[in-house]
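**Q** Just a sequence and a predicted model for now, questions to come.
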Amino acid sequence: MSSYKNNYMQRNFSSILTHEVFELVAAISEYKGKEGLYSYQSPEILKRLQGVATIQSTESSNRIEGIVVNGKRLKKLMAESTTPQNRSENELAAYRMVLSQIHASAQEIPITPNLIKQLHGMLYKFSPGEGGHFKINDNAITERQLDGKEILRFSPTPAFQTNEAMSDLCTSFSTAMEKKYPHPLIAIGAFVLDFLCIHPFRDGNGRMARLLTLLSLYHAGYEVGRFISLEKIIEDTKDRYYATLHRSSQGWHEDGHQLVPWLEYFLGVILAAYKEFENRAGLITDGRGQKSSRIREMVKGMLGSFTAADIEERCPDIARPTINAALKKMSEEGIVLRDGMGRSAKWRVKSH
């Protein structure tokens with residue numbers, strides 16, 4: 001069915017707006033209010049953050065779907081200094097292209113069936129004939145068990161109903177965003193769930209859902225996806241992503257689904273991105289002592305082994321020598337242990 005049909009939102013509003021959902025929306029709104037402050041930060045630092053986010057988003061969104069390219073080739077593809085050599089590289093290069101288009105022109109890209117098909121066509125730019133049109137055969141969402149058997153997890157909208165379903169969804173979503181009812185964050189979460197339940201394409205639905213998430217957030221004025229990879233956060237919480245999607249899709253065709261499990265997860269991803277953004281950009285200072293304090297706090301929160309490059313990625317404004325000096329000092333104080341030498345050295349917090 002749809003989260004937008006038969007007054008689903010109005011009928012279920014009290015059960016959708018749980019305390020957890022309310023708190024998540026409020027927290028995200030508070031972070032959004034600070035976004036203007038970050039525009040005063042060094043453009044150079046924000047540019048580096050965006051560069052890291054673009055690479056992470058491209059790599060993570062494709063890796064979730066089992067599409068992997070080795071590190072050296074990935075960097076060349078991201079820098080557009082080489083041409084794709086195989087299907088996996090084709091799909092990564094195309095994803096980066098669509099992502100860059102959304103970052104550059106989000107407000108000029110309306111969310112309509114035709115534009116969604118156009119973006120999907122770009123996603124398969126290097127695989128002619130595979131993208132740019134809705135499915136012509138029914139598809140199924142399955143799960144492969146340990147014994148090799150596949151079980152059906154969900155039956156998406158039939159192919160013959162897909163055009164109508166996507167038209168209705170885009171129209172209803174546009175109306176909700178214009179009226180700001182429900183709250184745009186709730187509307188976006190419901191839109192993404194419905195898109196995934198319709199599963200309008202033969203392939204690439206997951207990646208398209210994540211791209212449409214970014215695009216929808218831009219439309220609503222949430223810029224965090226420019227600087228922090230939402231796809232990386234989803235990849236890091238992939239089990240919960242699939243579990244909540246499965247829970248909230250049950251009963252969807254009968255208009256009896258529960259939006260909340262998915263919505264709480266979805267909003268949690270956005271909030272995590274804002275927290276990470278503030279951690280990386282909101283506390284940028286010029287003082288060496290303050291930077292050392294930030295490194296210490298960052299290190300204490302690291303799980304398992306890490307490298308100086310990991311710290312540099314999270315604090316792009318801090319030079320590597322400053323990071324190395326801070327790690328050396330923490331090693332002398334017995335806070336961290338080092339394994340190896342030079343740039344490949346790994347560190348870990350000493351357990352007590």
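**A** Happy to help now that I have it.
**Q** Identify each buried residue in stretch 295-312, please.
**A** Under the neighbour-count criterion of 16 or more other C-beta atoms under 10 Å, stretch 295-312 has 295-296, 298-299, 306-308, 310-312 buried. To be clear about C-beta, it is placed using only N, CA and C from the backbone, and glycine gets the same treatment.
**Q** Can you tell me which of those is nearest Leu212?
**A** Asp310 (30.3 Å; C-beta to C-beta).
**Q** Tell me how far the closest one lies from Gly334.
**A** Distance of Asp310 to Gly334, computed by C-beta to C-beta, to the nearest Å: 21 Å.
**Q** right, and Gln250 touches Leu259 too?
**A** No - in this structure Gln250 lies outside contact range of Leu259 using C-beta atoms under 8 Å: 11.4 Å.
**Q** the more surrounded of these two?
**A** Leu259 (22 against 14; other C-beta atoms under 10 Å).
**Q** Report the helix or strand with the lowest average pLDDT across this protein.
**A** Counting by mean pLDDT, DSSP states H and E, the chain has its least confident helix or strand at helix 35-38, which shows a mean of 72.
**Q** Following element in sequence after that one, please.
**A** Note on helix 35-38: by DSSP states H and E, the next helix or strand toward the C-terminus is helix 43-64.
**Q** Show me what that next one is packed against.
**A** helix 71-78, helix 87-105, helix 205-219, helix 230-236 (3 or more C-beta pairs under 8 Å, 6 or more residues apart in numbering; DSSP states H and E).
**Q** Could you tell me the angle between that helix and helix 205-219?
**A** Helix 43-64 runs at 150 degrees relative to helix 205-219, counting by axes from the mean of the first three to the mean of the last three C-alpha atoms, to 10 degrees.
**Q** And helix 43-64, what's buried?
**A** 45-46, 48-49, 52-64.
**Q** next one: phi and psi at the closest residue to Arg202 other than its chain neighbours?
**A** Spatially, and ignoring its direct neighbours in sequence, Arg202 is nearest to Lys135 (4.8 Å; C-beta to C-beta, 6 or more residues apart in numbering). Here is the backbone geometry of Lys135 (degrees, to the nearest 10): phi -60, psi 150.
**Q** So Lys135 sits against Asn205, correct?
**A** No - using C-beta under 8 Å, Lys135 is not in contact with Asn205, being 9.2 Å away.
**Q** so what's in contact with these two at the same time?
**A** Common neighbours of Lys135 and Asn205, using C-beta atoms under 8 Å, 6 or more residues apart in numbering, are His199.
**Q** can I assume Met9 is in contact with Pro182?
**A** Yes - assessed by C-beta under 8 Å, Met9 is found in contact with Pro182 at 5.4 Å.
**Q** what do the two both touch?
**A** By C-beta under 8 Å, 6+ apart, the residues touching both Met9 and Pro182 are 16, 176, 190.
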